[in-house]
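*Asks:* coordinates for the following, if possible.
(one chain, ligands or ions: 2)
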Amino acid sequence: MDKRITLKISKIEDETKDIKTFTFNHKLNAKPGQFIMLTDFEGGEKPFSISDCSENEFSITVKKIGEFTSRLFQKGVGDYMSVRGAFGSSFFVSNGKVLLVGGGYGSPPLYFLAKKLLKAGANIAVVNGAQTKDDLVFCDRFSKLGIKYQNITEAGCLGRKGTSVDLAKGALTKEKFDFIYAAGPEMMMKALQGVIGEVDYEFLFERYMKCAIGICGNCTMDPLGIRLCVEGPVLPKKIIEQLTEFGKYRRDASGKRIRY
Ligand SMILES: Cc1cc2nc3c(=O)[nH]c(=O)nc-3n(C[C@H](O)[C@H](O)[C@H](O)COP(=O)(O)OP(=O)(O)OC[C@H]3O[C@@H](n4cnc5c(N)ncnc54)[C@H](O)[C@@H]3O)c2cc1C
Ligand code: FES
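*Replies:* Ligands and ions are numbered 1, 2, ... in the order given. This next block holds a predicted model:
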């Protein structure tokens, strides 16, 4: 729904030195994989995935990157923000044996998904990766769900060096899964696609977004013209397999292609 609402930040949790979770008291009725557009009235409106959502509150988990997110990190509990959404497609909720593959600050929406999958009776395994221990998020939250959980860092801070795709590859050689979900850097998902084999999957894509309601065309992907803010950000295997730009290039604010 494209209606703007003003909400007070009700809780702020430090996840790592540059990742925080912001919670708002509001009945959002969001589904896992969907996102909101957020502004602080000082310029810029940015998309953020929903990392948790219950009857009366929802959360987003944000990495401090540039101008907007730096301003957001200076906010406190009780400060006002303006929200549009929830927007976009959501993950299919399976009740089978599923593998969730997360990378960096991309993992939090998989936590919201994991809670829904648990309710549906799914058998869940999560693999979560990041560059260093300081970039790994939601380890405690995933572990507390009582599901199979493994993490890894590229720097080897937790023992073995590697990525969540390495862990996924290991899991896929030992066990058979009905469905795979992924959220994280696009190149992580591209590498994952290469090891998945015949298993069905859905990935969550992050591309530059402006309107979030399918009008500006900034978030389209070649050659189908899929608008990630409407038909995505969660896309199914049969669509992803046709995307010629997946893992090759992304677009900046002006729509110009930038090679990965
Ligand atoms: C569907 C979706 C879900 C997202 N979920 C999360 C999330 O859960 N947590 C999180 O920390 N970040 C998320 N992002 C990315 C987040 O929107 C950007 O990191 C944020 O906008 C950076 O703004 P900035 O002004 O701090 O940085 P800037 O300096 O403006 O930009 C830094 C980088 O952020 C990206 N970015 C900037 N503006 C946008 C935009 N309007 N749309 C998409 N990407 C942008 C670009 O890659 C840019 O190079 C998501 C993006 C999308 C499209
Ligand atoms: S952000 Fe405008 S069409 Fe998707």
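*Asks:* what's the neighbour count on residue 148?
*Replies:* Neighbours of residue 148 under the rule other C-beta atoms under 10 Å: 16. For glycine as for every other residue, the C-beta is placed from the backbone atoms N, C-alpha and C.
*Asks:* what's opposite the nearest residue to it once chain neighbours are set aside in the beta bridge?
*Replies:* Computed as C-beta to C-beta, 6 or more residues apart in numbering, the closest residue to residue 148 that is not its neighbour in sequence is residue 125, at 4.0 Å. Counting by DSSP bridges, residue 125 forms beta bridges with residue 99, residue 148.
*Asks:* ok, now which ones touch residue 125?
*Replies:* Contacts for residue 125 were tallied using C-beta atoms under 8 Å, 6 or more residues apart in numbering; they are 97-100, 147-150, 171, 175, 177.
*Asks:* restrict those residues to contacts with ligand 1.
*Replies:* The subset of those within reach of ligand 1, by C-beta under 6 Å from any ligand atom, is empty.
*Asks:* will you turn the residues you listed into a markdown table that also has pLDDT?
*Replies:* Shown next, in a markdown table, are the contacts of residue 125 (pLDDT from 0 to 100):
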| residue | pLDDT |
| --- | --- |
| 97 | 98 |
| 98 | 98 |
| 99 | 98 |
| 100 | 98 |
| 147 | 97 |
| 148 | 96 |
| 149 | 97 |
| 150 | 95 |
| 171 | 97 |
| 175 | 95 |
| 177 | 98 |
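*Asks:* ok, which residues in the stretch 101-250 of the chain are in contact with ligand 2?
*Replies:* 209-212, 214-219, 227, 229.
*Asks:* out of the residues you listed, who's nearest ligand 1?
*Replies:* Ligand 1 has its nearest neighbour among those in residue 209, at 4.2 Å by C-beta to the nearest ligand atom.
*Asks:* give the burial count for the single nearest residue of the stretch 1-150 of the chain relative to ligand 1, as a bare number.
*Replies:* Here the stretch 1-150 of the chain gets closest to ligand 1 at one residue, residue 66, 2.0 Å apart by C-beta to the nearest ligand atom. Residue 66: 9 surrounding residues under other C-beta under 10 Å.
*Asks:* and it, how far is that from residue 247?
*Replies:* From residue 66 across to residue 247, the span is 23 Å (C-beta to C-beta, to the nearest Å).
*Asks:* show me where the stretch 151-260 of the chain has strands.
*Replies:* For the stretch 151-260 of the chain, the strands defined by DSSP state E, counting those that start in this stretch cover 179-183, 200-204, 220-221, 226-227, 234-236, 249-251, 257-259.
*Asks:* deepest of those, which one?
*Replies:* Among the strands of the stretch 151-260 of the chain, strand 179-183 has the highest mean neighbour count (mean count of other C-beta atoms under 10 Å), at a mean of 26.
*Asks:* mind saving the C-alpha coords of it as PDB?
*Replies:* Extracted as PDB, the C-alpha positions of strand 179-183 are listed here (Å, rounded to 0.1, in the frame of the first residue of the first chain):
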ATOM      1  CA  PHE A 179      13.700 -25.900  -1.200                       C
ATOM      2  CA  ILE A 180      16.500 -23.300  -0.900                       C
ATOM      3  CA  TYR A 181      16.200 -19.700   0.100                       C
ATOM      4  CA  ALA A 182      18.900 -17.000  -0.200                       C
ATOM      5  CA  ALA A 183      19.400 -13.400   0.700                       C
END
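*Asks:* pLDDT at the nearest residue to residue 30 once chain neighbours are set aside, what is it?
*Replies:* Leaving aside its chain neighbours, residue 30 sits nearest to residue 86 (3.8 Å; criterion: C-beta to C-beta, 6+ apart). Residue 86 is assigned a predicted lDDT (pLDDT) of 97.
*Asks:* for residue 86, give me its contacts.
*Replies:* Residues in contact with residue 86, defined by C-beta under 8 Å, 6+ apart, are 28-31, 34-36, 50.
*Asks:* with mean pLDDT as extra columns, can I get the strands of the stretch 151-260 of the chain in TSV?
*Replies:* Output for the strands of the stretch 151-260 of the chain, formatted as TSV (pLDDT from 0 to 100):
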stretch	mean pLDDT
strand 179-183	98
strand 200-204	98
strand 220-221	94
strand 226-227	95
strand 234-236	98
strand 249-251	87
strand 257-259	88
